[in-house]
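Enquirer: Here's my sequence, what's the structure:
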Amino acid sequence: MNVSIKFYSGFEKYLQDKSNKLLKLNLDSGEDIALILNRFLPQEAIGFVGMVLVNKKITNFDYQLVEGDMVEVFPVIGGG
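Expert: Prediction:
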């Protein structure tokens, strides 16, 4: 199945030139957000994921993707 994913600013350290770009993926059916995140980010970076949207709706890591889904991954935002 085909899905798209976009990692927003904050993940450049791990993704280099893939951050802030729409990536097209061909996945096996039944794959969830957690599996996708683990493909792109090392385990220590998963804690910096603040929010995941699928088709513009907030979702959790166990959401099973379906054909045509658009995934957006945002980092935790800090300030001071």
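Enquirer: what about F11, distance to D69?
Expert: Separation of F11 from D69 (Cβ to Cβ, to the nearest Å) stands at 19 Å. No exception for glycine: its C-beta is placed from N, CA and C like everyone else's.
Enquirer: With F7 instead?
Expert: From F7 across to D69, the span is 15 Å (Cβ to Cβ).
Enquirer: Got the confidence number for the closest residue to S9 other than its chain neighbours?
Expert: Distances taken as Cβ to Cβ, 6 or more residues apart in numbering put N20 closest to S9, at 6.2 Å, once the chain neighbours are dropped. Note on N20: pLDDT of 77.
Enquirer: Please determine how far N20 is located from G10.
Expert: Applying Cβ to Cβ, the value for N20 to G10 is 10 Å.
Enquirer: So for the two, which residue has more residues nearby?
Expert: G10 (20 against 13; other Cβ atoms under 10 Å).
Enquirer: Name whatever forms a beta bridge with V54.
Expert: Judged by DSSP bridges, the bridge partners of V54 are K57, V71.
Enquirer: And Q64, by the same measure?
Expert: D32.
Enquirer: That one - how many residues pack around it?
Expert: With other Cβ under 10 Å as criterion, Q64 counts 11.
Enquirer: Hmm, D28 and it touching each other?
Expert: No - if you go by Cβ atoms under 8 Å, Q64 and D28 don't touch, sitting 10.9 Å apart.
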